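Student: just the structure for this:
(4 chains)
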Number of protein chains: 2
Amino acid sequence: MNTLSYGLLSMLSQASFSGYDLMLKTQPFWPAKHSQIYPLLASLEREEYVRFEHVAQSERPDKKVYSLTDKGKQALREWLQQPAADPVTRDELMLKAYCLSYTDPDGASRLFAERLEYYRRKLRRHEATSCRFREEGDFPADGSAPPFDSPRFGSYVLLEKALRTARLNIEWTEWALALIANSR
Amino acid sequence: MNTLSYGLLSMLSQASFSGYDLMLKTQPFWPAKHSQIYPLLASLEREEYVRFEHVAQSERPDKKVYSLTDKGKQALREWLQQPAADPVTRDELMLKAYCLSYTDPDGASRLFAERLEYYRRKLRRHEATSCRFREEGDFPADGSAPPFDSPRFGSYVLLEKALRTARLNIEWTEWALALIANSR
DNA sequence: ATTCTTTATGTATCTATTTACATATAGCAA
DNA sequence: TTGCTATATGTAAATAGATACATAAAGAAT
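Tutor: From the prediction side, this is the model:
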């Protein structure tokens, strides 16, 4: 059982999902391709952490909808008792920053401007998710936090982090672009 | 040539380093073990992107000090023309947040309190680095930014991001801990 | 004295992850 | 009608990364 396997179980604690859904849902915090997810789900099913049912769809391909077994729920409770491993970030732009003087201010601006667009897209997506959650009743409509007992408490805390991080990254990138522009 | 290989070249654009130094320097933005670094350096040397000289040390083991060749510098310039790949973050705590209701407020507080300590340690380290850079003359003593042409411009921009991010993460974790405490 | 940590370099093996190969249906755009 | 995207599931092969094995010497702590 590796971290991603526990991550899949964790997503399934909120609702049942297909492998394709899980692949999309894990992207923000543990990106993985479908070619990694499907074999893991098959293994989790063999060892009875999850079960699935075939769901026929008329307009789309049929799917397998997975849900937690009691063994899966127990595994989650034990996993939560363990401290979380340190987060890992890998960012090519940060590596490029070390040799920024090998290009000119125009080249550097282009790199940071592309990253700024990436952060802005992220913020827009998180804001849309926040609205959707409030409209669909996952979060209270008044903007307050769901209670700790609610299965949405975790999503609320995560979304808040994602929003704050995106805004900070936008501010930092704009600050860096201004520094580069001032040097011209 | 993978991303980490370019990252090693990028670090070498600032100064010459041993494989051990490079392993330590890459941790913040592209963590890698020495067992991954050493073979990459050997391969970069075979293909003449870097060269090394043996440096005998009296009080420590001898080392190989690597530096960029002209071919390595050219490779860096071409790499900088390409847009940077999207950053990747993998964080077990975020996965655990999805099933937080499977534990109690005490268990959840413990998880977030451990992470808070991690972020505080990070901030202290970054602040120490910032002081060191200013004392050693890498950054201007008045707190202003090094000029764009300076090989330290990138480090300055990166350190600023690290400081802002660590502070935001501390604030977010404290906010989450307060939410959990209020539910008790 | 002994154990632990840091510096320093390397290889062998295993696991995790990505890329490519494969297939199928529906909708949309050129 | 041809190609592109999204949904949906899978396998094969390659690469990237982690763990374990190996060695060595100095200093600090116990």
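
Student: name the SS class of the residue most central in space within chain A, please.
Tutor: What sits nearest the mean C-alpha location of chain A, by Cα atoms, centre = their mean, is residue A:28, with 1.9 Å. Applying DSSP: H, G, I helix; E, B strand; the rest coil to residue A:28 yields a three-state assignment of coil.

Student: can you give me the strands for chain A?
Tutor: A:17-18, A:50-55, A:63-68, A:88-90 (DSSP state E).

Student: helices and strands around the shortest one, which ones?
Tutor: With contacts taken as 3 or more Cβ pairs under 8 Å, 6 or more residues apart in numbering or on different chains; DSSP states H and E, strand A:17-18 sits against strand A:63-68. C-beta coordinates here come from the backbone N, C-alpha and C atoms, glycine included.

Student: burial measure for the nearest residue to residue A:148 once chain neighbours are set aside, as a count.
Tutor: Distance criterion Cβ to Cβ, 6 or more residues apart in numbering or on different chains; nearest residue to residue A:148, sequence neighbours excluded, is residue B:183 at 3.5 Å. Counted with other Cβ atoms under 10 Å in any protein chain shown, the neighbours of residue B:183 add up to 16.

Student: quick revisit: same list (the strands of chain A) but as TSV, adding mean pLDDT.
Tutor: TSV is the format used below for these (pLDDT from 0 to 100):
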stretch	mean pLDDT
strand A:17-18	98
strand A:50-55	96
strand A:63-68	97
strand A:88-90	97
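
Student: now tabulate those in CSV and tack on mean neighbour count.
Tutor: Output for these, formatted as CSV (neighbours: other Cβ atoms under 10 Å in any protein chain shown):
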stretch, mean neighbour count
strand A:17-18, 18
strand A:50-55, 14
strand A:63-68, 18
strand A:88-90, 16
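
Student: tell me which of these lies nearest to DNA strand C.
Tutor: Nearest to DNA strand C, of all the strands of chain A, is strand A:88-90, at 8.6 Å by Cβ to the nearest atom of the strand.

Student: returning to that earlier point: let me know the pLDDT of the residue nearest to the centre of chain A.
Tutor: The model reports residue A:28 with a pLDDT of 95.

Student: ok, now residue A:60?
Tutor: pLDDT, read off for residue A:60, is 85.

Student: who touches it in this structure?
Tutor: Residue A:60 sits next to no residue when contact means Cβ atoms under 8 Å, 6 or more residues apart in numbering or on different chains.

Student: sorry, back to before: quick one: the residue nearest to the centre of chain A and residue B:91, what's the gap?
Tutor: 9 Å (Cβ to Cβ, to the nearest Å).

Student: repeat for residue A:61
Tutor: Applying Cβ to Cβ to residue A:61 and residue B:91 gives a distance of 32 Å.

Student: more neighbours, these two?
Tutor: residue B:91 (21 against 7).

Student: what number of residues lie near residue A:138?
Tutor: Applying other Cβ under 10 Å, I find that residue A:138 has 17 neighbouring residues.

Student: contact partners for the nearest residue to it once chain neighbours are set aside?
Tutor: Leaving aside its sequence neighbours, residue A:138 sits nearest to residue A:152 (Cβ to Cβ, 6+ apart; 4.9 Å). Residue A:152 makes contact with A:14, A:133, A:138, A:139, A:146 under the criterion Cβ under 8 Å, 6+ apart.

Student: so the second one sits against residue A:141, correct?
Tutor: I take that to be residue A:133. No - if you go by Cβ atoms under 8 Å, residue A:133 and residue A:141 don't touch, sitting 10.3 Å apart.
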